[in-house]
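Colleague: return atomic coordinates for the entry below.
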Amino acid sequence: MKTTEMTTTMRDEKLALDAERLLRFARRHKLIKDLDELVARNTLLDLLGLAAPYTGKLPKETPDTPTGILDEILDAAAAKALFDGAVPQYRINFETRLMGALMPRESEVCKKFKKIYAQRGAKAATDWFYDLCVVSNYIRTAQIAQNIQWNTDTPYGQLEITINLTKPEKDPRVIAMERLQPQSSYPACMLCKENIGYAGRINFPARQTHRIAPLNLSGEQFYLQYSPYAYFREHCIILHEDHKPMEMTAQTLAEIFDFVAQFPHYTCGSNADLPIVGGSILSHSHFQGGRYTFPMQKAGIRLPLQSPRYPGVTGGILNWPVSAVRLMGKSSRQLQAAATDIMNAWRGYTDESVGILAETDGTPHNTITPILHYEDEAGYVLDIAPRNNRTTGEYPDGIFHPHAEYHNIKKENIGLIEVMGLAILPARLKAQSADVAAILAGKAPNTSREPGSPLAVHANWIDTLVAKYGTTLPPEAAEAALRQEIGTVFSHVLENAGVFKMDNAGQTAFVRFMASAGFVPVG
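Modeller: Numbering: from 1, shown residues only. Presented below is the predicted three-dimensional model:
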């Protein structure tokens, strides 16, 4: 029976039953202990407006996540008007309140993380912490599973494509409600440590299930947390204790190296510290990482380089669409010094022959995106992507930014994750790519040139695809063609972001720059 068809008594009985199911899940997954259960039960009764708990027999079930149980509770809670069920964010916020009643305190999480790390090592500590975030539904595995993912072969190896469906689309009502919200400076941003336990609002997510683990990185206080909408395995964020802007200095590199030294099973990288070539949050110093091998890490070296100053460092220019150099070695100190040389040389480097200006009217344009991981044989492996955020009249969004011809697929900044070869594409592409595939399969007319067409943004692209494939492809072939073409566009977008193009002039300029930093071709 649907919850909307239940009587008030039936609905409350169902809520009481499901609350006990949720408590049993929490016990089995060690979110709470015996005495904690009493407190958690009473908190749930209060949140659900119930006078007494359910005392009957529970159904047999052993779910890995609480999503199914929560969905049933939320449907009944919305029917009971405990929140406005027509607003997705209110549903998410209420769900987080429920799970917040089952969470260990922050101090308990920190203590256990530190104890596991000391007794069993880094991998065991992150395994436990990550599992806590999954079973508490902080990491929203059900939503992440909805993402559409595939790999595309390119001249640089396989690139990974994701159409991100994890965040609900905002309807006009929600947008209007957000505009009516009073301005708030608390928390200062979505990364600040003050997010722990925060109740949320219509334009800011609830964080009662959010927990962080303290880290000391090169003398600075940081915290480890996981991303609730993970883009890859164990997608983590390492945030500075203070709400201070992103920066890229020798200290930044030291902090990244310290993190990988402490957690050698994780990759760690930093977005650049300048707009256009940086991430979405430049106001709070942070890194990103995870237990994942990115396409960039599989790229081969196009031209080996060496520096007489650093005999323990090997590497060279990568065969990668975003210009990048790789340094490898067992000595963290040598690699940091070599990387600092490259970073400092790039900060002030100008080469007008390839459109690179270090600054204009005192505004700096050059920075780097560093990515570090550790391998048993090679030691530390550091990839450095030189970045430049200069704009012109021809390229108002950025010379080394996705160009307008590709904005139908990707127009957002190319940040750390995209630099590594993982595309995060907007949810609109799910329906739009299906519609384009229908055109190539002859199942639908090409309406992209008609006024008000939702495919208008793709009109030029569709003309190119029809000329290439025609309109009689089998549906499966049409879908495969669309995925290949989207992946190809992403490879071109990454090429746009590369400061040294893959032609002879660009690669010659890249070698000139590396020579200015003390690195010359091997042999």
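
Colleague: if you count neighbours, what's buried in the helix or strand harbouring residue 41?
Modeller: With elements taken from DSSP states H and E, the one containing residue 41 is helix 34-47. Of the residues in helix 34-47, 36, 37, 40, 41, 43, 44, 45, 47 count as buried by neighbour count, 16 or more other CB atoms under 10 Å. Quick note: C-beta positions are derived from backbone N, CA and C, even for glycine.

Colleague: again, but for stretch 348-357
Modeller: 349, 351, 354, 355, 356, 357.

Colleague: now the end-to-end length of that stretch.
Modeller: 9 Å (CA to CA, to the nearest Å).

Colleague: quick one: residues in contact with that stretch.
Modeller: 358, 365-366, 388, 390, 399, 499-501, 505-506, 509, 512-513, 516 (CB atoms under 8 Å, 6 or more residues apart in numbering).

Colleague: which of those residues are buried?
Modeller: 365, 366, 388, 390, 399, 499, 500, 501, 506, 509, 513.

Colleague: just give me how far the next helix or strand after the helix holding residue 41 sits from the chain centre.
Modeller: Heading C-terminal from helix 34-47, the first helix or strand you meet, by DSSP H and E, is helix 67-79. Here helix 67-79 is found 28 Å from its chain centre; the criterion is CA atoms, centre = their mean, to the nearest Å.

Colleague: C-terminal to helix 67-79, what's the next element?
Modeller: Counting by DSSP H and E, the next helix or strand C-terminal to helix 67-79 is helix 88-100.

Colleague: per-residue confidence averaged over that next one?
Modeller: If you average the pLDDT over helix 88-100, you get 95.

Colleague: nearest the geometric middle of this protein, what residue?
Modeller: residue 231 (4.6 Å; CA atoms, centre = their mean).

Colleague: so where does the closest residue to residue 332 other than its chain neighbours fall, helix or strand?
Modeller: Of all residues not flanking residue 332 in the chain, residue 257 sits nearest, at 5.0 Å (CB to CB, 6 or more residues apart in numbering). Element membership of residue 257 [criterion: DSSP H and E] is helix 250-262.

Colleague: and the helix or strand following that helix, what other elements does it pack with?
Modeller: Using DSSP H and E, the helix or strand that follows helix 250-262 towards the C-terminus is strand 267-269. Judged by 3 or more CB pairs under 8 Å, 6 or more residues apart in numbering; DSSP states H and E, strand 267-269 is in contact with helix 250-262, strand 286-290, strand 366-375.

Colleague: check which residues of the helix or strand in which residue 316 is found are buried.
Modeller: Per DSSP H and E: residue 316 is located in strand 314-318. By neighbour count on 16+ other CB under 10 Å, the buried set for strand 314-318 is 314, 315, 316, 317, 318.

Colleague: longest single helix anywhere in the protein?
Modeller: Longest helix in the chain, counting residues (DSSP state H): helix 475-497.

Colleague: quick revisit: what two of the buried residues of stretch 348-357 have the greatest distance between them?
Modeller: Longest distance between any two of the buried residues of stretch 348-357 is 12.3 Å, between 349 and 355; criterion CB to CB.

Colleague: what about the strands in the stretch 301-450 of the chain?
Modeller: Remark: strands assigned in the stretch 301-450 of the chain by DSSP state E, counting those that start in this stretch are 301-306, 314-318, 325-329, 359-360, 363-364, 366-375, 379-388, 422-425.

Colleague: got the contact list for residue 485?
Modeller: Applying CB under 8 Å, 6+ apart, the residues near residue 485 are 461, 465.

Colleague: end-to-end on stretch 381-401?
Modeller: Span of stretch 381-401 from end to end, CA to CA: 26 Å.

Colleague: and residue 465, how many neighbours?
Modeller: Residue 465 has 21 neighbouring residues, counting by other CB atoms under 10 Å.

Colleague: quick one: it and residue 436 touch, right?
Modeller: Yes. Here residue 465 reaches residue 436: they are 6.9 Å apart, a contact under CB atoms under 8 Å.

Colleague: quickly list what's touching both of these two.
Modeller: Residues touching both residue 465 and residue 436 (CB under 8 Å, 6+ apart): residue 482.

Colleague: where does pLDDT dip in the stretch 301-450 of the chain?
Modeller: In the predicted model of the stretch 301-450 of the chain, no residue satisfies pLDDT under 70.

Colleague: so what's residue 51 closest to, chain neighbours aside?
Modeller: Distances taken as CB to CB, 6+ apart put residue 45 closest to residue 51, at 7.5 Å, once the chain neighbours are dropped.

Colleague: and the one you found, what does it touch?
Modeller: 16, 19, 51, 52, 53.

Colleague: go with 10 Å
Modeller: Applying CB atoms under 10 Å, 6 or more residues apart in numbering to residue 45 gives the contacts 15, 16, 19, 51, 52, 53, 101.

Colleague: cool, residue 436 as well?
Modeller: Taking CB under 10 Å, 6+ apart, we find residue 436 in contact with 429, 444, 446, 448, 455, 458, 461-462, 465-466, 478-479, 481-482, 485-486.

Colleague: and the gap between it and residue 451?
Modeller: Distance, residue 436 to residue 451, by CB to CB, to the nearest Å: 19 Å.

Colleague: just residue 54 next, same as before
Modeller: Distance from residue 54 to residue 451, counting by CB to CB: 57 Å.

Colleague: also residue 292?
Modeller: Noted for residue 292: a distance of 44 Å to residue 451, by CB to CB.

Colleague: now residue 153
Modeller: Using CB to CB, one gets 38 Å for the distance from residue 153 to residue 451.

Colleague: and for residue 270, nearest residue in space, chain neighbours not counted?
Modeller: residue 287 (4.9 Å).

Colleague: in this structure the one you found contacts residue 269, no?
Modeller: Yes. Taking CB atoms under 10 Å as the definition, residue 287 is a contact partner of residue 269 at 6.5 Å.

Colleague: between these two, what contacts are shared?
Modeller: What both residue 287 and residue 269 touch, as defined by CB under 10 Å, 6+ apart, is the set 256, 370, 371, 372, 416.

Colleague: quick check, nearest of those to residue 76?
Modeller: Using CB to CB, the shared contacts of residue 287 and residue 269 come closest to residue 76 at residue 416, 41.4 Å.

Colleague: which ones are touching the closest one?
Modeller: 269-272, 278-279, 287-289, 294, 369-371, 385, 422.

Colleague: ok, the buried residues of strand 314-318 vs residue 157, which is closest?
Modeller: Closest approach to residue 157 among the buried residues of strand 314-318 (CB to CB): residue 318, at 10.4 Å.

Colleague: quick check: the closest one vs residue 297, distance?
Modeller: Residue 318 sits 10 Å away from residue 297, going by CB to CB.

Colleague: need the residues touching each of these two.
Modeller: 326, 383.

Colleague: distance of residue 305 from residue 437?
Modeller: Distance of residue 305 to residue 437, computed by CB to CB: 44 Å.

Colleague: whoops, I mixed them up, residue 291
Modeller: Distance, residue 291 to residue 437, using CB to CB: 34 Å.

Colleague: who's more crowded, these two?
Modeller: Neighbour totals were compared for residue 291 and residue 437, and residue 437 leads with 22 against 17 (other CB under 10 Å).

Colleague: wait, doesn't the more buried one sit right on residue 481?
Modeller: Yes. With contact defined as CB under 10 Å, residue 437 counts as touching residue 481 (7.6 Å).

Colleague: mutual contacts of the two, please.
Modeller: Residues touching both residue 437 and residue 481 (CB under 10 Å, 6+ apart): 465, 473.
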